[in-house]
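what would the 3D arrangement of this be:
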Amino acid sequence: MKNIIYLILLLSTMGLTMISANATDTIASARNTVLDGALQSQLQIQLERNDYNNFYSNLEDFSAPYTLKNGSKFYEARRDNLNSASAIVIDPQGYFYVAYKMPKSNNITYITNDGSCNKEVHDAIKVFANTFAENNKIISSNPTKINNTSHSCKGVYGKPFLKNHSFERAHIKNQ
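Take a look at the predicted model:
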């Protein structure tokens, strides 16, 4: 199944750079999108150094991306056998919702640049957090820049979010 991915990301200092790509929803497309230099540069600017380093350190074994009902894309990667992972939701309007879990920690750190919808954890990140043991706690960290453009939060939390209502695991190493 081929889908054209259009990630239109805000061109201001608060948003992410515009990235357009033709790719199928595969593990390779997830890896290419998340490891894209422009996206990584913007995340380095918008996340605290420690948060960026922790998020980036888990980007090894990618899962296929998921298209959410509002057009956002969910990406996830794990570090093999370390009970650690990172996830990011990239919204076409330039918002991001990042989470990561480090080994030997019960905390899942959540960061968003969405100034309108930052009072609750993004639904896809809640699903991500539930893939770990039940004693984990989601904690919030602040980005260095907030996007305060007003918008509706209906597609961010409060409703079932995934088109297929599940996350399936698929990992391929060194793709």
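
so for this protein, which residue is the most central one in space?
Ile88 (0.5 Å; C-alpha atoms, centre = their mean).

I'd assumed Phe96 was in contact with it.
Yes. Contact criterion C-beta atoms under 8 Å: Ile88 and Phe96 qualify, at 6.0 Å. In short, each C-beta sits where N, CA and C put it, glycine included.

now do the strands in this protein.
Taking DSSP state E to define them, one finds strands in the chain at 2-7, 19-24, 61-62, 66-67, 73-79, 84-90, 96-101, 107-112, 137-140.

confidence-wise, which of those is weakest overall?
Of all those, mean pLDDT reaches its minimum on strand 2-7 (a mean of 29).

tell me, please, the helix or strand in the protein that averages the lowest pLDDT.
strand 2-7 (a mean of 29; mean pLDDT, DSSP states H and E).

and stretch 120-130, which residues are buried?
For stretch 120-130, a neighbour-count test (16 or more other C-beta atoms under 10 Å) marks 121-129 as buried.

now, which of those residues sits nearest Asn142?
Val121 (14.2 Å; C-beta to C-beta).

from Thr26, how far off is that closest one?
27 Å (C-beta to C-beta, to the nearest Å).

go through the buried residues of stretch 120-130 and flag which are in helices.
Counted as lying in helices by DSSP state H, out of these, are 123-129.

could you export these as a markdown table, including distance to Asp61 and pLDDT?
Listed next are these as a markdown table, based on distance: C-beta to C-beta, whole Å; pLDDT from 0 to 100:
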| residue | distance to Asp61 | pLDDT |
| --- | --- | --- |
| Asp123 | 23 | 90 |
| Ala124 | 18 | 92 |
| Ile125 | 19 | 93 |
| Lys126 | 22 | 91 |
| Val127 | 18 | 90 |
| Phe128 | 14 | 93 |
| Ala129 | 18 | 92 |
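
make TSV from these and add distance to Lys101 to it.
Formatted as TSV, those follow (distance: C-beta to C-beta, whole Å):
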residue	distance to Lys101
Asp123	17
Ala124	15
Ile125	11
Lys126	13
Val127	13
Phe128	9
Ala129	8
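
understood, closing this out.
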